[in-house]
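[1] Sharing a model that was predicted from the sequence below.
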Amino acid sequence: MSQLRTADLIIDVPDRADGRALSLQVEPGQIWGVLGPNGAGKTTLMHTLAGLRAPRSGAVLLDDQPLAEQKRRTIARHLGLVFQERQDGFPATVLETALIGRHPFLSSWQMESADDLKLAQQALSRLDVAHLASRLVSTLSGGERQRVAIATVLTQSPAIWLADEPTNHLDLHHQIAVMELLTEEAGHGKAVFMCLHDLNLAARWCSHVLLLYPDGEACWGPVERMLVPDALERLYGQRLATTELDGAPVFVPVR
Ligand SMILES: Nc1ncnc2c1ncn2[C@@H]1O[C@H](COP(=O)(O)OP(=O)(O)OP(=O)(O)O)[C@@H](O)[C@H]1O
């Protein structure tokens, strides 16, 4: 299984001081949640980890090799990206889109195999979008599109999921279904690294948390050590009431 690591990483947020260098290791089986207010740099971090944006300093390493030295295709065999921006460059159906998840494993002119097709169909079913297989992605609702994006990464079956707010646009049921899917993936030895705005999803589903502050400060560690009311109130500048449900803390914003 692949491993993602950062070595003294400073992400390049424009007009911001360096803050704390990130040296963290994402191990197989772990689920990381990145929490922080708007503008803290969560998306910038995800793009940097994906190798889509250069760091200001330090490095991102995939299996101990700097990402910057690896081919995009090699990276795509290990990292699956669920990001906010989607290019609808050319019209594609839901099934064609899910099949893109197999492209890192095919040679230039190779067609998808029956096994690839089966993987895509299974992923679409898992995300409750199989009935939309022949629809153009451009005609889908926000939540349906999000589920197709997740199904595409499931079809890809990467060792490491990088997801920027994977529950974005999803109704309550599908939010939980996606968190369960990611937990299942982690149970199979995959690693998940995702941004979340929902503290309670993080508290219930993450094994590790990274708190990212707008000034570049950061701290990270096991979820039970990181999700403490004082730190979270400082992170968001918001008072919170805390209770417990089924062994996990529940945070409610108070006026
Ligand atoms: N190209 C750019 N030029 C100038 N500033 C930028 C650019 N890209 C990002 N920023 C700024 O960098 C900061 C971090 O942005 P980023 O999108 O990483 O934050 P975020 O934590 O993901 O926020 P949100 O919770 O709102 O999604 C923001 O203040 C943003 O305005």
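    Received, thanks.

[2] What residues does the stretch 1-150 of the chain have near the ligand?
    Applying C-beta under 6 Å from any ligand atom, we find that the stretch 1-150 of the chain lies next to the ligand at 13-14, 36, 38-44. Glycine gets a C-beta too; all of them are placed from N, C-alpha and C.

[3] what's His197 in contact with, if anything?
    35, 165 (C-beta atoms under 8 Å, 6 or more residues apart in numbering).

[4] got a pLDDT number for it?
    Per-residue confidence (pLDDT) for His197: 93.

[5] Look up how far Leu235 lies from it.
    12 Å (C-beta to C-beta, to the nearest Å).

[6] start to end distance for stretch 51-64?
    By C-alpha to C-alpha, to the nearest Å, the extent of stretch 51-64 from end to end equals 14 Å.

[7] residues of it that come out buried?
    For stretch 51-64, the buried set under the neighbour-count rule, 16 or more other C-beta atoms under 10 Å, comprises 51, 55, 58, 60-62.

[8] what is the mean pLDDT for it?
    Stretch 51-64 shows a mean pLDDT of 96.

[9] What of stretch 12-30?
    The model assigns stretch 12-30 a mean pLDDT of 96.

[10] quick one: it to chain centroid distance?
    15 Å (C-alpha atoms, centre = their mean, to the nearest Å).

[11] Just the element for the residue nearest the centre of the chain, please.
    The centroid of the chain falls nearest to Ala163 when counting by C-alpha atoms, centre = their mean (1.4 Å). Secondary structure from DSSP states H and E places Ala163 in strand 160-164.

[12] and whatever helix or strand comes next after that strand, what other elements does it pack with?
    Following strand 160-164 in sequence order, the next helix or strand is helix 172-187 (DSSP H and E). For helix 172-187, the packing partners by 3 or more C-beta pairs under 8 Å, 6 or more residues apart in numbering; DSSP states H and E come out as strand 31-35, helix 142-156, strand 160-164, strand 191-195, helix 199-205.
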